[in-house]
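**Student:** could you look at this predicted model? Sequence included:
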Amino acid sequence: TDAASVYSHRSASVRLDHKPQNDNMRPVSKLRPKKPILQNQSKTVLAVTQMLASKRGDAAIITDESGGLAGIITDTDVTRRVVAKQLPTSSTRVSDVMTANPSCVSMSDPATDALVTMVENRFRHLPVTDDSGAIVGVLDIAKCLNDAISKLEKSQEK
């Protein structure tokens, strides 16, 4: 599946109450989200985790039969929902253990909004859309935290 063809069924982002973006607000795009690893919801947990391992990934975007966003599965989901419950990976469908209908952020949203969404909801990974709603990346909380720390350091230098 081509990343440009995966669309979120939700709004393009998690906009709650956006203030106009000022010049010192870095957009999510500046954090360089990772290219999404895409897998269909009919795949088994074993197939998806083998793909993640081969690409050294820790999250996969799960698509539905029409190519839209169905969910996300992360290394933490596999640990808690599969391994801890001793589910058979070769027969368990990824759709049974993924996080369905995940929140998303847009490339143009402020990076601080992405960080707030991740911290408040205890997410480590967040799908990223372009302005038309196509999934174009996955943001890791480490990138958000690094960005926030470097902004703090720069503001203290002034």
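**Tutor:** Now that the structure is in, tell me what you want to look at. These numbers come from a predicted model, not from an experiment. Residues are numbered from 1 along each chain as shown.

**Student:** show me where pLDDT drops low in this structure?
**Tutor:** 1-24 (pLDDT under 70).

**Student:** contacts for the helix of greatest length in it, please.
**Tutor:** Once the chain is assigned using DSSP state H, the helix that runs over the most residues is helix 141-157. Helix 141-157 has contacts (C-beta atoms under 8 Å, 6 or more residues apart in numbering) with 26, 30-33, 111-112, 114-115, 118-119, 123-126. Bear in mind the C-beta positions are built from the backbone N, C-alpha and C, glycine included.

**Student:** buried ones among those?
**Tutor:** Applying 16 or more other C-beta atoms under 10 Å to the contacts of helix 141-157, the neighbour count classes 26, 31, 33, 111, 114-115, 118, 123, 125-126 as buried.

**Student:** quick one: residue 118 and residue 133, what's the gap?
**Tutor:** 20 Å (C-beta to C-beta, to the nearest Å).

**Student:** narrow the contacts of helix 141-157 to those in helices?
**Tutor:** Checked against DSSP H, these include these in helices: 111-112, 114-115, 118-119.

**Student:** name the nearest of these relative to residue 93.
**Tutor:** Distances from residue 93 to the ones in helices among the contacts of helix 141-157, taken as C-beta to C-beta, are shortest for residue 118 (26.6 Å).

**Student:** give the contact list for the closest one.
**Tutor:** Neighbouring residues of residue 118 by C-beta under 8 Å, 6+ apart: 124, 126, 139, 141, 144.

**Student:** repeat for residue 71
**Tutor:** Counted by C-beta under 8 Å, 6+ apart, residue 71 has contacts 41, 61-62, 95, 98-102.

**Student:** which residues in the protein form helices?
**Tutor:** 45-54, 75-78, 111-121, 141-157.

**Student:** quick one: closest of those to residue 87.
**Tutor:** With C-beta to C-beta as the criterion, residue 87 lies closest to helix 45-54 of the helices of the chain, at 7.3 Å.

**Student:** ok, and for that closest one, which residues are buried?
**Tutor:** Here helix 45-54 shows 45, 47-49, 52 as buried, counting by 16+ other C-beta under 10 Å.
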